[in-house]
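Student: Below are the sequence and a predicted model; questions follow.
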Amino acid sequence: MTQRDEQPTKLQITAISVADAAKVLASAYGRRVTEDQVRAVAEAGGLLRGQADDTINLLEYVAFLVREVAHGRGTD
């Protein structure tokens, strides 16, 4: 099978891994975003689904960041 025949990987934004979220955010932001950065924000917002699942809802993640910026709080 050639690359052209392969189906693109579908991301489920309501249950995305921290690693995939970092890649998506880095691509959208145009800057380096690490897994550690994503995990730190997810932990601060209580957004991790659990150790066994280790996924986040990307919409909830972005909403948390927006609330933090709107209230003048950093996530660093």
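Tutor: Cool, the structure landed. Numbering: from 1, shown residues only.
Student: where does the chain dip in pLDDT?
Tutor: Within the chain, the segments meeting pLDDT under 70 span 1-8, 50-52, 74-76.
Student: Tell me which residue is most central in it.
Tutor: A21 (2.9 Å; Cα atoms, centre = their mean).
Student: Would you agree that one falls within a helix?
Tutor: Yes - counting by DSSP: H, G, I helix; E, B strand; the rest coil, A21 is found in a helix.
Student: Would you confirm that R32 belongs to a strand?
Tutor: No - counting by three-state DSSP, R32 is not found in a strand; it is coil.
Student: Tell me which residues touch it, please.
Tutor: Applying Cβ atoms under 8 Å, 6 or more residues apart in numbering to R32 gives the contacts A26. Quick note: C-beta positions are derived from backbone N, CA and C, even for glycine.
Student: swap in V41?
Tutor: Neighbouring residues of V41 by Cβ under 8 Å, 6+ apart: L47, Y61, F64, L65, T75.
Student: Can you show me the strands along the protein?
Tutor: Ranges of strands within the chain are 16-17, 55-56, based on DSSP state E.
Student: Quickly note the distance from the residue nearest to the centre of the chain to F64.
Tutor: According to Cβ to Cβ, to the nearest Å, A21 stands 12 Å off from F64.
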